[in-house]
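Enquirer: Dropping the sequence and predicted coords here.
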Amino acid sequence: MKPEVPQGAETRSPSSTGVSEAEVLLNLLEQKGLITAREADQTRQELARRLAAAEPARTETNRIGLRSWVENLDLYGDLRLRFEHRSGQDDSSPGGDHMDRNRWRYRLRAGANLDLTESWRAGIRIETGPGGRSSNVTFGDDSGPWGKDSDRLYLGLLFMQWTPCEWATFTAGRQENPFVTTVLAWDHDLAPEGLSQSFRYRTGSVEWFATFGQFLYDDANPDNPFGNGPSWADAYLFGQQLGIRWTPHKHWKLTVAPLLTFYTGAGDSFRTDFTGLTAAGSTGINDLCILETPVEVAWSGWVVPVRLFGDFAVNLSGSERARAAGQPAHDDEIYAWLAGVELGSARKKGGWSLRALYMESGLFALDPNLVDSDLFDSRLNLRGVALQGSYALTDFLSLSLTYARAERKEKALPTGFTGDLRDASRTAWLDQYQLFQADLNLRF
């Protein structure tokens, strides 16, 4: 005899109810004497069988329709809201001159990484802002009120990666910077385009690694024109890094990673020799062969993590670069260095970090197109300090405050006709510089 369901009791299919809900209904029927204990047990067994049969179907329904060779899809992103103040002093003008710039800005990045079969991986990231060193967009900078001319999306990353064995990785496309670097010589937002090869070998507490990069810096169009016009070669950056990570104790870690970079060609945009005096003369990549050595010591055995970091760079072709700029008397301005300390970590809710650094660079020491665009306004021939504090409001939301202050290092030389502190004159003789940033960062 089929048990009768009392009035008011709602029947649902096993696939739409949980086991606990079905158990409540069976207990109610048994208590009212409408079914026997044996019938209740038989019904429980039947429900369990149906739920087990329905589980694969539900899993398949919830699964994104991906090809069989896609083993995993990882979606990620971040959103940043920022207030920024920059100011600069130009003492070369009669009586001195001063410039301020206040901006409310935002940045959005969203990406996906695909883990494929046969040891392959691919990735893509969409982001705001067209710049190579910044994905920021300024609120109110287009036709107003509230126009959207600058609120566009760009391709930030697009790469394929092959890892045939655990100690070798080959990457092609627009990719994350594969080198170990600091803000002394490389902006953290840079995503070079080209090829890279990474190798690593671990023995005991020591990991050796080597990274090589061949990146298209700027395309020449055309390489060889019709007629008698000059021929130009594409600009390439080549990097070679050999490094070591040593963990002598579970709380200690040392990283040393010398990196040598050099260039060939000039492309379309970098044909003028570097002088630092004009717009075109502030981006030249002539006579650059840079050896830098990032160093980091990390200690996790204290109340909070401690990290000491530094970097030293020298342009091995700096003397030639100074002479090409008409400054042979300053052919010693080929060095740059950084030293800093960081306390704490703001990765988890309630966590905090404090970071302080000192940095200075000679005018002919580094590639002006790669240096950090915030702390010293993309300029060279400056020296100064930067302070940053961060606090994690939640696991996914943090607040950061940054302050930087710098002054011109060699008074007889410019700082570069570049940076965000620019107007019609866009001074190349920045004597003092200040930066303040307040960031609200959200990860998803």
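Expert: Arrived safely.
Enquirer: ok, the residue nearest to the spatial centre of the chain - contacts?
Expert: Residue closest to the mean C-alpha point of the chain, counted by Cα atoms, centre = their mean, is residue 189 at 4.7 Å. By Cβ atoms under 8 Å, 6 or more residues apart in numbering, residue 189 lies in contact with 131, 132, 133, 134, 135, 373. All C-beta atoms are positioned from the backbone trio N, CA, C, and that covers glycine.
Enquirer: Just the buried subset of these, please.
Expert: Buried members of the contacts of residue 189, counted by 16 or more other Cβ atoms under 10 Å: 132, 133, 134, 135, 373.
Enquirer: burial count for residue 251?
Expert: A total of 13 residues lie near residue 251 under the criterion other Cβ atoms under 10 Å.
Enquirer: nearest spatial neighbour of it, skipping sequence neighbours?
Expert: Nearest non-adjacent residue to residue 251, counting by Cβ to Cβ, 6 or more residues apart in numbering: residue 301, 3.3 Å away.
Enquirer: I'd say the one you found and residue 253 touch.
Expert: No - counting by Cβ atoms under 8 Å, residue 301 stays clear of residue 253, with 11.0 Å between them.
Enquirer: Between these two, point out the one with more neighbours.
Expert: The residue with more neighbours, out of residue 301 and residue 253, is residue 253; 18 against 10, by other Cβ under 10 Å.
Enquirer: and the gap between the more buried one and residue 182?
Expert: Applying Cβ to Cβ, to the nearest Å, the value for residue 253 to residue 182 is 16 Å.
Enquirer: Can you name the residues bridging to residue 340?
Expert: Beta bridges link residue 340 to residue 309, residue 357, judged by DSSP bridges.
Enquirer: Low-confidence stretches in the stretch 151-300 of the chain?
Expert: Along the stretch 151-300 of the chain, no part satisfies pLDDT under 70.
Enquirer: List the contacts of stretch 161-181.
Expert: By Cβ under 8 Å, 6+ apart, the surrounding residues in contact with stretch 161-181 are 119-123, 155-160, 186, 188, 190-201, 211, 213, 239, 241, 243, 255, 257, 259, 292, 294, 311.
Enquirer: Low-confidence stretches in the stretch 1-150 of the chain?
Expert: 1-20, 30, 32-34, 36-38, 42, 45, 49, 51-63, 95.
Enquirer: Pull out the buried residues from stretch 76-88.
Expert: Result for stretch 76-88 [16+ other Cβ under 10 Å]: buried residues 79, 80, 82, 84, 86, 87, 88.
Enquirer: My reading is that the third one lies in a helix. Confirm?
Expert: Read that as residue 82. No - going by DSSP: H, G, I helix; E, B strand; the rest coil, the assignment for residue 82 is strand, not a helix.
Enquirer: burial count for residue 119?
Expert: By other Cβ under 10 Å, the residues close to residue 119 number 14.
Enquirer: on that earlier part again, I would like a ChimeraX command selecting only the buried ones among the contacts of stretch 161-181, please.
Expert: Command for ChimeraX, covering only those of those found buried under the criterion 16+ other Cβ under 10 Å:
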select :121,122,123,156,157,158,159,186,190,191,192,193,194,195,196,198,211,213,239,241,243,255,257,259,292,294,311
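Enquirer: Out of the contacts of stretch 161-181, list just those in strands.
Expert: Among those, the members found in strands (DSSP state E) are 120-123, 155-160, 193-201, 211, 213, 239, 241, 243, 255, 259, 292, 294, 311.
Enquirer: quick one, what contacts residue 82?
Expert: 103, 104, 105, 106, 107, 136, 437, 438, 439, 440.
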